[in-house]
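S.K.: The following block contains a protein sequence and its predicted model.
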Amino acid sequence: MKIAVVGATGMVGEVMLKVLAERNFIGKTDELILVASERSVGKQIDYNGDMLTVVGLQTAVDMKADIALFSAGGETSLEWAPKFAAAGTTVIDNSSAWRMDPTKKLIVPEINASELTKEDKIIANPNCSTIQMVLVLAPLHKKYNIKRVIVSTYQSITGTGVKAVQQLENEYAGVQGEMAYKYPIHRNAIPQCDSFEENGYTKEEMKLVRETKKILSDNTIAVTATAVRVPIVGGHSEAVNVEFSNDFDVNEVRNILHHTDGVVVQDNNDTYTYPMPMYAQGKDDVFVGRIRRDESQENTLNMWIVADNLRKGAATNTIQIAEYLIAAKLV
(Lines give C-alpha, C1' and ligand atoms only; values in the text may rest on other atoms or scores of the structure.)
Protein backbone atom coordinates (compact mmCIF):
# COMPACT_ATOMS: atom_id res chain seq x y z
CA MET A 1 0.00 0.00 0.00
CA LYS A 2 0.95 3.63 -0.49
CA ILE A 3 0.18 5.88 2.48
CA ALA A 4 0.57 9.68 2.23
CA VAL A 5 0.85 12.00 5.24
CA VAL A 6 -0.14 15.50 4.13
CA GLY A 7 1.18 18.14 6.52
CA ALA A 8 4.00 15.85 7.64
CA THR A 9 6.14 18.70 9.00
CA GLY A 10 3.42 20.18 11.25
CA MET A 11 2.75 19.43 14.91
CA VAL A 12 -0.02 16.85 14.25
CA GLY A 13 1.88 15.47 11.23
CA GLU A 14 4.90 14.73 13.41
CA VAL A 15 2.68 12.91 15.92
CA MET A 16 1.06 10.98 13.04
CA LEU A 17 4.47 9.67 11.99
CA LYS A 18 5.20 8.68 15.59
CA VAL A 19 1.87 6.84 15.95
CA LEU A 20 2.28 5.12 12.54
CA ALA A 21 5.66 3.80 13.71
CA GLU A 22 4.35 2.71 17.13
CA ARG A 23 1.47 0.80 15.55
CA ASN A 24 3.70 -0.77 12.84
CA PHE A 25 1.24 0.59 10.30
CA ILE A 26 3.76 0.81 7.45
CA GLY A 27 4.85 -2.69 6.42
CA LYS A 28 8.07 -3.60 4.60
CA THR A 29 6.31 -3.62 1.23
CA ASP A 30 4.36 -0.42 1.88
CA GLU A 31 5.41 3.04 0.71
CA LEU A 32 5.16 6.11 2.97
CA ILE A 33 4.85 9.46 1.16
CA LEU A 34 5.57 12.61 3.19
CA VAL A 35 3.82 15.68 1.84
CA ALA A 36 4.01 19.34 2.82
CA SER A 37 3.85 22.88 1.44
CA GLU A 38 6.31 24.09 -1.19
CA ARG A 39 8.63 25.64 1.41
CA SER A 40 9.24 22.20 2.98
CA VAL A 41 9.68 20.26 -0.30
CA GLY A 42 13.04 18.48 -0.37
CA LYS A 43 13.35 18.40 3.41
CA GLN A 44 14.55 15.05 4.82
CA ILE A 45 12.60 13.43 7.67
CA ASP A 46 13.66 10.34 9.62
CA TYR A 47 10.97 7.65 9.77
CA ASN A 48 12.00 4.51 11.65
CA GLY A 49 15.63 4.95 10.59
CA ASP A 50 14.83 5.70 6.94
CA MET A 51 15.42 9.22 5.62
CA LEU A 52 12.39 10.20 3.50
CA THR A 53 12.18 13.27 1.25
CA VAL A 54 9.18 15.58 1.52
CA VAL A 55 7.26 16.06 -1.74
CA GLY A 56 4.74 18.68 -2.85
CA LEU A 57 0.98 18.26 -3.10
CA GLN A 58 0.70 17.77 -6.88
CA THR A 59 3.52 15.22 -6.85
CA ALA A 60 1.70 13.33 -4.11
CA VAL A 61 -1.58 13.35 -6.07
CA ASP A 62 0.26 11.93 -9.08
CA MET A 63 1.72 9.14 -6.91
CA LYS A 64 -1.83 7.82 -6.36
CA ALA A 65 -1.67 6.79 -2.70
CA ASP A 66 -4.25 4.33 -1.37
CA ILE A 67 -4.84 6.48 1.73
CA ALA A 68 -3.90 10.10 2.48
CA LEU A 69 -3.86 11.26 6.10
CA PHE A 70 -4.43 15.03 5.96
CA SER A 71 -3.40 17.48 8.66
CA ALA A 72 -2.61 20.60 6.68
CA GLY A 73 -5.39 23.01 7.62
CA GLY A 74 -8.84 23.71 6.21
CA GLU A 75 -7.91 25.73 3.14
CA THR A 76 -5.39 23.14 1.92
CA SER A 77 -7.92 20.39 2.52
CA LEU A 78 -10.73 22.14 0.65
CA GLU A 79 -8.47 22.62 -2.36
CA TRP A 80 -6.51 19.37 -2.39
CA ALA A 81 -8.62 16.61 -0.79
CA PRO A 82 -10.94 16.46 -3.87
CA LYS A 83 -7.88 16.22 -6.15
CA PHE A 84 -6.52 13.25 -4.15
CA ALA A 85 -10.00 11.66 -4.12
CA ALA A 86 -10.33 12.13 -7.89
CA ALA A 87 -7.05 10.21 -8.29
CA GLY A 88 -8.56 7.29 -6.37
CA THR A 89 -7.04 8.06 -2.97
CA THR A 90 -9.16 7.79 0.20
CA VAL A 91 -8.59 10.95 2.24
CA ILE A 92 -8.96 11.08 6.03
CA ASP A 93 -8.97 14.76 6.90
CA ASN A 94 -8.08 16.24 10.28
CA SER A 95 -9.26 19.80 9.58
CA SER A 96 -12.72 21.29 10.07
CA ALA A 97 -13.22 21.62 6.29
CA TRP A 98 -15.51 18.63 5.68
CA ARG A 99 -16.90 17.80 9.13
CA MET A 100 -20.35 19.32 8.76
CA ASP A 101 -20.70 18.55 5.04
CA PRO A 102 -23.82 16.34 4.91
CA THR A 103 -22.21 14.22 2.16
CA LYS A 104 -19.15 13.38 4.35
CA LYS A 105 -18.93 10.95 7.29
CA LEU A 106 -17.60 12.25 10.63
CA ILE A 107 -15.94 9.28 12.29
CA VAL A 108 -14.82 8.12 15.72
CA PRO A 109 -14.04 4.46 14.94
CA GLU A 110 -15.27 3.03 18.28
CA ILE A 111 -18.65 4.73 17.70
CA ASN A 112 -19.55 4.85 14.00
CA ALA A 113 -16.87 3.34 11.73
CA SER A 114 -19.48 0.87 10.49
CA GLU A 115 -21.08 3.77 8.53
CA LEU A 116 -18.10 3.81 6.14
CA THR A 117 -18.29 2.38 2.61
CA LYS A 118 -15.94 2.13 -0.38
CA GLU A 119 -17.67 5.21 -1.82
CA ASP A 120 -16.43 7.44 1.03
CA LYS A 121 -13.35 9.04 -0.54
CA ILE A 122 -13.15 12.01 1.87
CA ILE A 123 -13.69 11.11 5.52
CA ALA A 124 -13.69 13.74 8.27
CA ASN A 125 -11.86 13.38 11.59
CA PRO A 126 -13.75 15.24 14.36
CA ASN A 127 -12.41 18.08 16.48
CA CYS A 128 -10.07 17.04 19.30
CA SER A 129 -12.32 18.26 22.12
CA THR A 130 -15.34 16.54 20.55
CA ILE A 131 -13.65 13.14 20.14
CA GLN A 132 -12.77 12.70 23.80
CA MET A 133 -16.23 13.78 24.95
CA VAL A 134 -18.31 11.66 22.56
CA LEU A 135 -16.24 8.54 23.21
CA VAL A 136 -17.47 8.73 26.82
CA LEU A 137 -20.99 9.93 25.97
CA ALA A 138 -21.82 7.32 23.28
CA PRO A 139 -22.33 4.25 25.53
CA LEU A 140 -24.20 6.35 28.11
CA HIS A 141 -26.51 7.76 25.43
CA LYS A 142 -27.27 4.22 24.30
CA LYS A 143 -28.20 3.20 27.85
CA TYR A 144 -29.86 6.29 29.36
CA ASN A 145 -30.64 8.64 26.41
CA ILE A 146 -28.94 12.05 26.67
CA LYS A 147 -31.17 15.14 26.76
CA ARG A 148 -28.59 17.87 27.39
CA VAL A 149 -24.82 18.33 27.72
CA ILE A 150 -23.06 21.31 29.35
CA VAL A 151 -19.30 21.22 28.75
CA SER A 152 -16.49 23.53 29.86
CA THR A 153 -13.10 22.79 28.32
CA TYR A 154 -9.59 23.52 29.57
CA GLN A 155 -7.59 23.20 26.37
CA SER A 156 -3.90 22.64 25.77
CA ILE A 157 -1.92 25.23 23.82
CA THR A 158 -0.71 22.42 21.53
CA GLY A 159 -4.16 22.61 19.92
CA THR A 160 -3.15 26.02 18.57
CA GLY A 161 0.19 24.78 17.25
CA VAL A 162 3.94 25.34 17.38
CA LYS A 163 3.60 29.12 17.63
CA ALA A 164 1.60 28.83 20.87
CA VAL A 165 4.10 26.41 22.42
CA GLN A 166 6.86 28.88 21.56
CA GLN A 167 4.88 31.74 23.12
CA LEU A 168 4.51 29.85 26.41
CA GLU A 169 8.20 28.88 26.46
CA ASN A 170 9.18 32.50 25.77
CA GLU A 171 6.94 33.73 28.60
CA TYR A 172 8.38 31.14 31.02
CA ALA A 173 11.85 32.42 30.16
CA GLY A 174 10.88 36.09 30.22
CA VAL A 175 11.75 36.50 26.54
CA GLN A 176 9.85 38.78 24.14
CA GLY A 177 8.69 36.94 21.02
CA GLU A 178 5.93 36.31 18.50
CA MET A 179 2.52 35.73 20.13
CA ALA A 180 -0.06 33.16 19.03
CA TYR A 181 -2.66 34.72 21.34
CA LYS A 182 -3.82 38.29 21.95
CA TYR A 183 -2.74 37.95 25.60
CA PRO A 184 0.00 36.21 27.61
CA ILE A 185 -0.86 32.52 28.21
CA HIS A 186 1.65 31.93 31.04
CA ARG A 187 -0.23 32.12 34.38
CA ASN A 188 -3.40 32.90 32.46
CA ALA A 189 -6.62 31.34 31.14
CA ILE A 190 -8.03 32.74 27.89
CA PRO A 191 -11.79 32.17 27.39
CA GLN A 192 -11.48 32.13 23.60
CA CYS A 193 -10.51 29.13 21.46
CA ASP A 194 -10.66 30.07 17.76
CA SER A 195 -12.61 33.04 16.39
CA PHE A 196 -16.09 34.18 17.42
CA GLU A 197 -19.24 33.35 15.48
CA GLU A 198 -22.23 35.72 15.17
CA ASN A 199 -24.02 34.07 18.12
CA GLY A 200 -21.21 35.04 20.53
CA TYR A 201 -19.81 31.52 20.78
CA THR A 202 -16.37 30.59 19.43
CA LYS A 203 -15.92 28.17 16.54
CA GLU A 204 -14.44 25.65 19.00
CA GLU A 205 -17.56 25.83 21.17
CA MET A 206 -19.86 25.36 18.18
CA LYS A 207 -17.79 22.39 16.95
CA LEU A 208 -18.63 20.66 20.24
CA VAL A 209 -22.32 21.44 19.69
CA ARG A 210 -22.63 20.46 16.02
CA GLU A 211 -20.20 17.55 15.83
CA THR A 212 -21.64 15.80 18.90
CA LYS A 213 -25.07 15.64 17.29
CA LYS A 214 -23.67 14.37 13.98
CA ILE A 215 -21.45 11.66 15.49
CA LEU A 216 -24.17 10.39 17.84
CA SER A 217 -26.77 10.67 15.00
CA ASP A 218 -29.17 12.58 17.25
CA ASN A 219 -30.14 16.20 16.63
CA THR A 220 -32.38 16.22 19.72
CA ILE A 221 -29.38 16.36 22.08
CA ALA A 222 -28.98 19.91 23.43
CA VAL A 223 -25.32 20.91 23.82
CA THR A 224 -23.80 24.13 25.16
CA ALA A 225 -20.08 24.77 25.56
CA THR A 226 -17.47 27.15 26.96
CA ALA A 227 -13.93 26.58 25.65
CA VAL A 228 -10.93 27.98 27.54
CA ARG A 229 -7.23 27.94 26.58
CA VAL A 230 -4.92 27.14 29.52
CA PRO A 231 -1.08 27.00 29.77
CA ILE A 232 -0.92 23.19 29.52
CA VAL A 233 0.81 20.99 26.92
CA GLY A 234 -0.32 17.44 27.83
CA GLY A 235 -3.91 17.41 26.64
CA HIS A 236 -7.42 18.82 26.88
CA SER A 237 -9.58 18.52 30.01
CA GLU A 238 -13.36 18.82 30.11
CA ALA A 239 -15.92 19.28 32.88
CA VAL A 240 -19.02 17.61 31.45
CA ASN A 241 -22.54 17.75 32.90
CA VAL A 242 -25.02 15.35 31.26
CA GLU A 243 -28.77 15.23 31.74
CA PHE A 244 -30.42 11.91 30.78
CA SER A 245 -34.04 10.99 30.04
CA ASN A 246 -33.67 7.99 32.35
CA ASP A 247 -32.19 7.62 35.80
CA PHE A 248 -28.87 5.84 36.32
CA ASP A 249 -26.77 4.14 38.98
CA VAL A 250 -23.32 5.75 39.32
CA ASN A 251 -21.59 2.39 39.77
CA GLU A 252 -23.32 1.10 36.63
CA VAL A 253 -22.06 4.19 34.76
CA ARG A 254 -18.49 3.40 35.91
CA ASN A 255 -18.94 -0.22 34.82
CA ILE A 256 -20.26 0.76 31.36
CA LEU A 257 -17.31 3.11 30.83
CA HIS A 258 -14.85 0.53 32.17
CA HIS A 259 -15.97 -1.80 29.37
CA THR A 260 -15.87 0.89 26.64
CA ASP A 261 -13.04 0.54 24.08
CA GLY A 262 -10.59 3.43 24.25
CA VAL A 263 -11.83 4.69 27.63
CA VAL A 264 -9.94 4.33 30.94
CA VAL A 265 -11.79 5.02 34.20
CA GLN A 266 -9.62 6.80 36.80
CA ASP A 267 -12.06 7.43 39.62
CA ASN A 268 -11.10 6.77 43.23
CA ASN A 269 -11.41 9.62 45.72
CA ASP A 270 -9.73 7.61 48.50
CA THR A 271 -6.49 7.38 46.52
CA TYR A 272 -6.89 10.82 44.85
CA THR A 273 -7.13 9.09 41.47
CA TYR A 274 -8.56 11.18 38.66
CA PRO A 275 -7.53 12.09 35.11
CA MET A 276 -4.94 14.81 34.53
CA PRO A 277 -3.20 16.01 31.35
CA MET A 278 0.24 15.15 32.78
CA TYR A 279 -0.79 11.47 32.79
CA ALA A 280 -2.74 11.56 29.50
CA GLN A 281 0.15 13.00 27.48
CA GLY A 282 1.56 10.52 24.96
CA LYS A 283 -1.29 8.03 25.47
CA ASP A 284 -4.05 7.02 23.04
CA ASP A 285 -6.87 6.47 25.56
CA VAL A 286 -9.50 8.87 26.86
CA PHE A 287 -9.50 9.12 30.65
CA VAL A 288 -12.63 9.75 32.72
CA GLY A 289 -13.09 10.35 36.44
CA ARG A 290 -14.82 12.50 39.10
CA ILE A 291 -17.96 10.57 38.12
CA ARG A 292 -20.75 11.74 40.41
CA ARG A 293 -24.44 12.52 40.48
CA ASP A 294 -25.47 16.16 40.00
CA GLU A 295 -27.48 16.68 43.19
CA SER A 296 -29.09 19.87 41.89
CA GLN A 297 -31.10 18.14 39.15
CA GLU A 298 -32.58 14.67 38.60
CA ASN A 299 -31.08 12.19 36.11
CA THR A 300 -27.92 14.30 35.76
CA LEU A 301 -24.27 13.30 35.93
CA ASN A 302 -20.95 15.16 36.29
CA MET A 303 -17.68 13.84 34.81
CA TRP A 304 -14.11 15.00 34.16
CA ILE A 305 -12.68 13.85 30.80
CA VAL A 306 -9.03 14.19 29.72
CA ALA A 307 -7.11 13.11 26.59
CA ASP A 308 -3.97 13.95 24.63
CA ASN A 309 -5.40 16.24 21.95
CA LEU A 310 -2.59 15.49 19.47
CA ARG A 311 -3.08 11.72 19.74
CA LYS A 312 -6.68 10.46 20.21
CA GLY A 313 -7.82 14.01 19.52
CA ALA A 314 -6.09 14.04 16.13
CA ALA A 315 -3.36 11.66 14.88
CA THR A 316 -4.44 8.41 16.55
CA ASN A 317 -8.11 8.73 15.60
CA THR A 318 -7.11 9.44 11.98
CA ILE A 319 -4.88 6.34 11.87
CA GLN A 320 -7.55 4.19 13.57
CA ILE A 321 -9.94 5.16 10.76
CA ALA A 322 -7.30 4.05 8.24
CA GLU A 323 -6.83 0.77 10.13
CA TYR A 324 -10.58 0.17 9.96
CA LEU A 325 -10.69 0.89 6.22
CA ILE A 326 -7.95 -1.69 5.60
CA ALA A 327 -9.41 -4.32 7.95
CA ALA A 328 -12.87 -3.92 6.38
CA LYS A 329 -11.33 -4.05 2.87
CA LEU A 330 -12.75 -0.65 1.97
CA VAL A 331 -9.46 0.40 0.33
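M.R.: Perfect, thanks for sending it.

S.K.: Just give the closest residue to the residue nearest the centre of the chain, not the sequence neighbours.
M.R.: Central residue check for the chain by CA atoms, centre = their mean: the C-alpha nearest the mean position is that of residue 313, 2.3 Å away. Among residues not flanking residue 313 along the chain, residue 128 sits closest, at 2.9 Å (CB to CB, 6 or more residues apart in numbering). Where C-beta positions appear, they are placed from N, C-alpha and C, glycine not excepted.

S.K.: And the pLDDT at the one you found?
M.R.: The predicted local distance difference test score for residue 128 is 97.

S.K.: check contacts around it.
M.R.: Residue 128 makes contact with 159, 236, 307, 309-310, 313-314 under the criterion CB atoms under 8 Å, 6 or more residues apart in numbering.

S.K.: Mind checking which of those are buried?
M.R.: Neighbour counting with 16 or more other CB atoms under 10 Å marks 159, 236, 307, 309-310, 313-314 as buried within these.

S.K.: Restricted to strands, list those residues.
M.R.: Using DSSP state E, the members of the buried ones among the contacts of residue 128 that fall in strands are 236, 307.

S.K.: In a markdown table, list the buried ones among the contacts of residue 128 along with pLDDT.
M.R.: Compiled in a markdown table, the buried ones among the contacts of residue 128 are given as follows (pLDDT from 0 to 100):
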| residue | pLDDT |
| --- | --- |
| 159 | 95 |
| 236 | 98 |
| 307 | 98 |
| 309 | 97 |
| 310 | 97 |
| 313 | 97 |
| 314 | 97 |
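
S.K.: which among the buried ones among the contacts of residue 128 gets closest to residue 124?
M.R.: Minimum separation from residue 124 among the buried ones among the contacts of residue 128 (CB to CB) is found for residue 314, which lies at 12.4 Å.

S.K.: Next, give phi and psi for the nearest residue to the closest one once chain neighbours are set aside.
M.R.: Counting by CB to CB, 6+ apart, residue 314 lies nearest to residue 12, which is 4.7 Å off, once chain neighbours are set aside. The phi/psi pair for residue 12 (degrees, to the nearest 10) reads phi -70, psi -40.

S.K.: show me what contacts residue 12?
M.R.: With contacts taken as CB under 8 Å, 6+ apart, residue 12 has the following neighbours: 71, 94, 310, 314-315.

S.K.: Residue 253 and residue 286, how far apart?
M.R.: Remark: distance between residue 253 and residue 286 (CB to CB, to the nearest Å) = 15 Å.

S.K.: any idea of the mean pLDDT for stretch 216-233?
M.R.: For stretch 216-233, mean pLDDT is 98.

S.K.: ok, how many other residues are close to residue 286?
M.R.: The number of residues packed around residue 286, counting by other CB atoms under 10 Å, is 27.

S.K.: That one contacts residue 136, correct?
M.R.: Yes. Between residue 286 and residue 136 there is a contact under CB atoms under 8 Å: 6.3 Å.

S.K.: partner residues bridging the residue nearest to residue 237 when sequence neighbours are not counted?
M.R.: Excluding its sequence neighbours, the residue lying closest to residue 237 (CB to CB, 6+ apart) is residue 154, at 4.3 Å. With DSSP bridges as the criterion, the beta-bridge partners of residue 154 are residue 228, residue 237.

S.K.: need the contact list for residue 154.
M.R.: 189, 228, 230, 232, 236-239.

S.K.: Between residue 286 and residue 136, which contacts overlap?
M.R.: 263, 305.

S.K.: Check residue 35 and give its pLDDT.
M.R.: The predicted structure scores residue 35 at 97 on the pLDDT scale.

S.K.: meant to ask about residue 29, not that
M.R.: At residue 29, the pLDDT recorded in the model is 85.

S.K.: follow-up on the earlier one: I'd like the distance between the residue nearest to residue 314 and residue 70.
M.R.: Distance from residue 12 to residue 70, by CB to CB: 10 Å.
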